[in-house]
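Visitor: Show me how the following folds:
(one chain, ligands or ions: 1)
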Amino acid sequence: MEPSVKIGVVTVSDRASRGDYEDLGGPAILDYLKEVLSSRWESTYRVIADERPLIEATLRELADTEGCSLIVTTGGTGPAVRDVTPEATEAVADKIMPGFGELMRKVSLEKVPTAILSRQTAVIRGRSLIINLPGQPRAIRECLGAVMPAIPYCIDLLGGPFITTHDEFVKAFRPKK
Ligand code: MTE
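Guide: Numbers count the residues shown, from 1 in each chain. So this is what the prediction gives:
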């Protein structure tokens, strides 16, 4: 049987980490993955403050110790002083994957003009793909939905488990052999 894929979900938010409000972003990511993935997966979920060293340590731990093939963050991608998720993500990167941010901004700009304020990116660290999503829960579906078709093949190329999706929701693309 194909091993189950480990997925890290990281909410980066001062207020959610303090308990000022309930985190909606992390659960929105998990709900989306539940709907879309047909292969086995397990998740590790963290809610942390907008502190660059803490974000970097969390990403390193999920990639290197937990062995997550995919790590998805939400929050901290805007222009505000405490928004440092893209910097933390790039700091732990072996490779930058600019196509993810480009596509997510393209689809988001069709919905909201403020998408221009999102600095979200994606990177490879070791055998992990790390993707930033904006903090708005409704943006999660739009952005993750846009890049999801590319994720299974990207994980293949990193030597991770073979991921399948429910075709009626998302059709994963893999080049024909
Ligand atoms: N993308 C989509 N699809 N929908 C949105 O509502 N909000 C934008 C942008 N991208 C948004 C979006 C806004 S207002 C900001 S400031 C940036 O994402 C970054 O948000 P973050 O700092 O909460 O990550």
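
Visitor: What residues does this protein have near the ligand?
Guide: Contact residues (Cβ under 6 Å from any ligand atom) of the chain with the ligand: 75-78, 83, 108, 111-112, 114-115, 117-118, 134-136, 138-139, 142-143. No exception for glycine: its C-beta is placed from N, CA and C like everyone else's.

Visitor: Now, of these, which are buried?
Guide: Neighbour counting by 16 or more other Cβ atoms under 10 Å classes 75-78, 83, 108, 115, 118, 134-136, 139, 142-143 among the residues of the chain next to the ligand as buried.

Visitor: out of the residues of the chain next to the ligand, which are inside strands?
Guide: In strands, judged by DSSP state E, none of those are found.

Visitor: Which two of the buried ones among the residues of the chain next to the ligand have the greatest separation?
Guide: D83 and E142 (19.0 Å; Cβ to Cβ).

Visitor: residues contacting the closest residue to the ligand within the chain?
Guide: In the chain, the residue that lies nearest the ligand is G135 (2.4 Å; Cβ to the nearest ligand atom). Residues counted as contacts of G135 (Cβ atoms under 8 Å, 6 or more residues apart in numbering) are 12-13, 25, 74-78.

Visitor: Which member of these is positioned nearest T65?
Guide: Nearest to T65 among the contacts of G135: V12, at 18.9 Å, using Cβ to Cβ.

Visitor: isn't the closest one right next to G76, touching?
Guide: Yes - using Cβ atoms under 8 Å, V12 is in contact with G76, at 4.1 Å.

Visitor: Show me the strands in this structure, by range?
Guide: For the chain, the strands defined by DSSP E occupy 5-12, 41-48, 70-74, 95-96, 122-125, 128-133.

Visitor: Which stretch among those strands is buried most, on average?
Guide: Comparing the strands of the chain by mean neighbour count (mean count of other Cβ atoms under 10 Å), strand 70-74 comes out on top with a mean of 29.

Visitor: who does that one pair up with?
Guide: Looking at strand 70-74 with DSSP bridges, its partner strands are strand 5-12 (parallel), strand 128-133 (parallel).

Visitor: and the first one, how far out from the chain's middle?
Guide: When you say that, I think you mean strand 5-12. Centre-to-centre, strand 5-12 and its host chain are 7 Å apart (Cα atoms, centre = their mean, to the nearest Å).

Visitor: Now do the lowest-mean-pLDDT helix or strand in the chain: which elements does it pack against?
Guide: When the helices and strands of the chain are compared on mean pLDDT, DSSP states H and E, helix 137-147 comes out lowest with a mean of 95. Applying 3 or more Cβ pairs under 8 Å, 6 or more residues apart in numbering; DSSP states H and E, one finds that helix 137-147 contacts helix 25-36, helix 98-109, strand 128-133.

Visitor: any residues touching it, and which ones?
Guide: By Cβ under 8 Å, 6+ apart, the list of residues contacting helix 137-147 from outside reads 24-25, 28-29, 32, 72, 74, 100, 103-104, 106-108, 111-112, 115, 118, 120, 122, 131, 133-134, 170.
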